[in-house]
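**Student:** here is the input, now give the coordinates:
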Amino acid sequence: MKCVARFLIILFYTLPLFAWEPEPELSLEGVLRTAERQRMTRYPDGMVEKWVERHTVLVTDKPIILSRSISIENQQPLVQQESLPFIRVLIGDEFESLLGKRVQLNGHLMKPIDFFLLEDITFDVDTALDVEWQQTYQTKTVFY
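**Tutor:** Sure thing, here's the model as predicted:
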């Protein structure tokens, strides 16, 4: 029984490593802003429900171009490409003081919930640096 338990523990810890591929780490620069999206649902009975969604977005100097391709059997790959002037970011509350400032964000892209909408891709932020402060105080930053 101990042998089986030990095997299952080893299998539990090593199995995810076989298929695990880390998300590529990216660095983006731009201005952090708060964006509002007006949403509305209209029900068959005529009732209308409206609400506002607020998100933190990174507005970049040049649009971010996202593309993906889909191959169906032997057909020519279908390519979807979008040019986004901003990207939604998932950022911790500790970075709220950076809103409205030029920042450098390091993190990775998260896949959209809806397969067909590239605009729903979000950037999950690991670190955020105030670019102006970095240029003024010339502090060496080490990522680990």
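**Student:** how about the contacts made by the nearest residue to residue 91 once chain neighbours are set aside?
**Tutor:** The spatially closest residue to residue 91, leaving aside those adjacent along the chain, is residue 125, at 4.5 Å (CB to CB, 6 or more residues apart in numbering). Every residue, glycine included, has its C-beta placed from N, CA and C. Under the criterion of CB atoms under 8 Å, 6 or more residues apart in numbering, the contact list for residue 125 reads 89-92, 95, 105-107.
**Student:** make it 7 Å
**Tutor:** Taking CB atoms under 7 Å, 6 or more residues apart in numbering as the contact definition, residue 125 lies against 89-91, 105, 107.
**Student:** and the two most separated of the residues you listed?
**Tutor:** With CB to CB as the measure, no two of these lie farther apart than 90 and 105, at 10.4 Å.
**Student:** show me which of those two is the more surrounded one.
**Tutor:** The neighbour count for residue 90 versus residue 105, taken as other CB atoms under 10 Å, is higher for residue 105 (23 against 12).
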